[in-house]
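J.: sequence and predicted structure, then a few things I'm wondering about:
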Amino acid sequence: MKNKSAVAAIAALSALIAWGLHFVFTRFPTMPLAASEQAAHVDSAWNGLLIVEGAIYALVMGYLIYCVYAFRAKKREEQGQKFDRSRGRFVEVAWLAVSVALTLSLAALGSHELRALISDPTADIDIEVRASQFSWEFYYPQTKTFGDKLYMEKGKRHRIILTSKDVIHAFWVPEFRLKQDAVPGKAIPLILTPTKVGEYTLLCNQLCGRDHYDMRAIVSVLEHEEFEKNMKAEF
Ligand SMILES: [Cu+2]
């Protein structure tokens, strides 16, 4: 690095890029509405990643832009000076150490959030969700009722028990964030706690055949009274 002003130039460029990224991400959110308790864990891991990656991206791009300017082609008589590589070793070792530390801390953040999502298997409402080419079926064992719409009660923990009649499908409601495969011969649980009343779309997220794109169902999150009423009226 030529002089101290280079450090200031790189820092200024990096800060500018970081601010730009922050501006874009806050103006144009990268995630849809968060409508479940579990969404907060996924979003916190996602935002953590975004901050770390944004900072690294800004630093690398800031340095790159500085290099494009500082080491641009010189006059012929100034070219051909021997390049001293010895000082690069410190940067190399530091970069490696920081990368390892960052990777390990991101893995720790990820496993912390994952544990929060799967550690407690208890639920208030069980719903058996059966996937088949190309539709969804919902069964409520506690009330012994079927439905072609997935009714959920706001604020209650639901245990979605996923099965498949034919091939591999995947249960995915973008607003709830979590995604789980439905595998033939297996019953896979997924805990979800909706937090916002409304209608959402359940999508199949594994390519499962010709009409995969159309394998959808309506998810209706209701308040307690409405939920009870619907369970009696609909089925
Ligand atoms: Cu599918």
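T.: Yes, it's here. Computed from a prediction, not measured in an experiment: that's the story for all the values here.
J.: where do the strands of the chain begin and end?
T.: In the chain, the strands defined using DSSP state E lie at 125-132, 135-140, 145-147, 150-153, 158-164, 169-172, 179-182, 188-192, 198-204, 216-222.
J.: mind listing what V52 touches?
T.: 102, 106 (C-beta atoms under 8 Å, 6 or more residues apart in numbering). For the C-beta atoms, the positions are set from N, CA and C on the backbone; glycine is no exception.
J.: distance of it relative to L64?
T.: Noted for V52: a distance of 19 Å to L64, by C-beta to C-beta, to the nearest Å.
J.: over to H158?
T.: H158 is 48 Å from L64, by C-beta to C-beta.
J.: can you check P189 too?
T.: Per C-beta to C-beta, P189 is found 47 Å from L64.
J.: also I127?
T.: 51 Å.
J.: between H158 and L64, which is the more surrounded one?
T.: Using other C-beta atoms under 10 Å as the criterion, H158 and L64 rank with H158 on top: 22 against 12.
J.: for that one, give me the pLDDT.
T.: Listed pLDDT for H158 reads 95.
J.: likewise for Q81?
T.: For Q81, the predicted pLDDT is 66.
J.: next: L49.
T.: With respect to pLDDT, L49 has a value of 84.
J.: my read: it touches L106, true?
T.: Yes. Taking contacts as C-beta atoms under 8 Å, L49 lies within contact range of L106: 6.6 Å.
J.: how far away is the residue nearest to N230 when sequence neighbours are not counted from A94?
T.: Closest residue in space to N230, ignoring its immediate chain neighbours: Y151 at 5.5 Å, by C-beta to C-beta, 6 or more residues apart in numbering. Per C-beta to C-beta, Y151 is found 55 Å from A94.
J.: so between the two, which is more surrounded?
T.: Using other C-beta under 10 Å as the criterion, Y151 and A94 rank with Y151 on top: 22 against 10.
J.: that one bridge partners, please.
T.: On the basis of DSSP bridges, Y151 is bridged to S220.
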